[in-house]
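Asks: got a structure for you, letters missing:
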């Protein structure tokens, strides 16, 4: 059930990203009041992507082997650190993490960018929305982290042994934060 919630949050984040992209950019041409939608849309997109990533991380933490990604990148006997690391130790989870961090930067503009001119802030968030649309579409169409298996296996394959190091566990989040 948690995985479905994460998938639904990801789909909803796509809808919100479309609004975040279209409304402020169209507002600059058609109706300036549309620009005001950028800030709440960016905040909502950040919240939805956070929920989606937390749902995926939960699936790894509890060894939900109905998720194809968990089967391929986790094992029930692994320490909790490496189970959680499995959430971003693969292509799909890593893309979701990168999308979340990009939304975090958009959320930072939405929450703390009051000193920017309103039109600039709206346009920045509109472009951020376009980036979000591209990343979320890529996730949903080619790299969905919430694909289910039926029947579910009893255990997973485990995390890539190269990634089973405390320093490498935190490398991807720090790397994406630097982008």
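Replies: Arrived safely, thanks for sending. Since we're looking at a predicted model, the values are computed, not measured. Residues are numbered from 1 along each chain as shown.
Asks: contacts and neighbour counts: CA atoms only from here.
Replies: Will do.
Asks: I'd say residue 48 and residue 15 touch.
Replies: No: applying C-alpha atoms under 8 Å as the test, residue 48 and residue 15 come out as separate, 10.6 Å apart.
Asks: more crowded one of these two?
Replies: Shown here are residue 48 and residue 15; by other C-alpha atoms under 10 Å, residue 48 has more neighbours (25 against 16).
Asks: so the spatially closest residue to residue 35 that is not a sequence neighbour is in which element?
Replies: Closest residue to residue 35 apart from its sequence neighbours, by C-alpha to C-alpha, 6 or more residues apart in numbering: residue 24 at 3.9 Å. Under DSSP states H and E, the secondary-structure element containing residue 24 is helix 2-27.
Asks: avg pLDDT for the helix or strand just after that helix?
Replies: The helix or strand immediately downstream of helix 2-27 is helix 38-61, counting by DSSP H and E. This predicted structure assigns helix 38-61 an average pLDDT of 97.
Asks: helix 38-61 packs against which elements?
Replies: Helices and strands touching helix 38-61, by 3 or more C-alpha pairs under 8 Å, 6 or more residues apart in numbering; DSSP states H and E, are helix 2-27, helix 80-85, helix 91-112, helix 118-142.
Asks: avg pLDDT for the following helix or strand past that helix?
Replies: Counting by DSSP H and E, the element after helix 38-61 in chain order, helix or strand, is helix 68-73. Per-region confidence: helix 68-73 scores 91 on mean pLDDT.
Asks: same question, stretch 119-132
Replies: 95.
Asks: so what's the residue count around the residue nearest to residue 35?
Replies: Residue 24 sits with 30 neighbouring residues when counted by other C-alpha under 10 Å.
Asks: give me every residue that touches it.
Replies: For residue 24, the set of contacting residues under the criterion of C-alpha atoms under 8 Å, 6 or more residues apart in numbering consists of 32, 34, 35, 36, 37, 38, 122, 123, 125, 126.
Asks: which residues does the fourth one contact?
Replies: What that stands for is residue 36. Counting by C-alpha under 8 Å, 6+ apart, residue 36 makes contact with 24, 122.
Asks: same question for the first one.
Replies: Contacts for residue 32 (C-alpha under 8 Å, 6+ apart) come out as residue 24.
Asks: circling back: farthest pair within the contacts of residue 24?
Replies: 32 and 125 (14.4 Å; C-alpha to C-alpha).
Asks: gap between the nearest residue to residue 103 once chain neighbours are set aside and residue 88?
Replies: Closest residue in space to residue 103, ignoring its immediate chain neighbours: residue 46 at 5.2 Å, by C-alpha to C-alpha, 6+ apart. Distance, residue 46 to residue 88, by C-alpha to C-alpha, to the nearest Å: 18 Å.
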